[in-house]
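K.L.:
Could you look at this predicted model? Sequence included:
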Amino acid sequence: QYNACQVLLELTCLKTSAGSHGFKPADPHFKETFTRANQQQMYHAFLLALAPFSRRPNVTGGLALAGVLLFSGSCYASALMQDRSYGKLAPYGGFSFMAAWLSLLL
């Protein structure tokens, strides 16, 4: 899970610089969507780093990774394609994020 965390954080850095310097959509909504996806990816990479210390590390890590793939992935696709229909999986990723945080408590 640490490897996945490192990869997510490195990708976040790359996407931050690419998004701030090279991504200039016509509609500012897509810039916000890209930024939100990037922030959530970073926050939940740190959750992935905490997963080994939880009671159920595979559950916490799996839910966090699924959340990043579903939420951030669909937001990135929506922003880069500049089409809101690509964001349909984002709510499922959000539920995965909530479940991952909840699994730290249980």
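P.N.:
Looks like it arrived, so ask away. Numbering: from 1, shown residues only.

K.L.:
Please count neighbours and contacts with C-alpha atoms only from this point.
P.N.:
Fine.

K.L.:
Buried ones in stretch 61-79, by neighbour count?
P.N.:
By 16 or more other Cα atoms under 10 Å, the buried positions in stretch 61-79 come out as 61-79.

K.L.:
and what of stretch 99-106?
P.N.:
In stretch 99-106, counting by 16+ other Cα under 10 Å, buried: Ala99, Ala100, Trp101, Ser103, Leu104.

K.L.:
Repeat that for stretch 42-56.
P.N.:
So for stretch 42-56, counting by 16+ other Cα under 10 Å, buried means Met42, His44, Ala45, Phe46, Leu47, Leu48, Ala49, Leu50, Ala51.

K.L.:
Thr60 is in contact with the last one, correct?
P.N.:
The reference is to Ala51. Yes - if you go by Cα atoms under 8 Å, Ala51 and Thr60 touch, sitting 5.5 Å apart.

K.L.:
Quickly list what's touching both of the two.
P.N.:
Leu104 (Cα atoms under 8 Å, 6 or more residues apart in numbering).

K.L.:
on that earlier part again, could I get the buried residues of stretch 99-106 in JSON lines, plus columns for distance to Asp27 and secondary structure?
P.N.:
Shown next, in JSON lines, are the buried residues of stretch 99-106 (distance: Cα to Cα, whole Å; DSSP: H, G, I helix; E, B strand; the rest coil):
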{"residue": "Ala99", "distance to Asp27": "32", "secondary structure": "helix"}
{"residue": "Ala100", "distance to Asp27": "32", "secondary structure": "helix"}
{"residue": "Trp101", "distance to Asp27": "33", "secondary structure": "helix"}
{"residue": "Ser103", "distance to Asp27": "37", "secondary structure": "helix"}
{"residue": "Leu104", "distance to Asp27": "38", "secondary structure": "helix"}
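
K.L.:
Dump those residues into a markdown table; add pLDDT and distance to Ala26 as well.
P.N.:
Formatted as a markdown table, the buried residues of stretch 99-106 follow (pLDDT from 0 to 100; distance: Cα to Cα, whole Å):
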| residue | pLDDT | distance to Ala26 |
| --- | --- | --- |
| Ala99 | 97 | 35 |
| Ala100 | 96 | 35 |
| Trp101 | 96 | 35 |
| Ser103 | 95 | 40 |
| Leu104 | 89 | 40 |
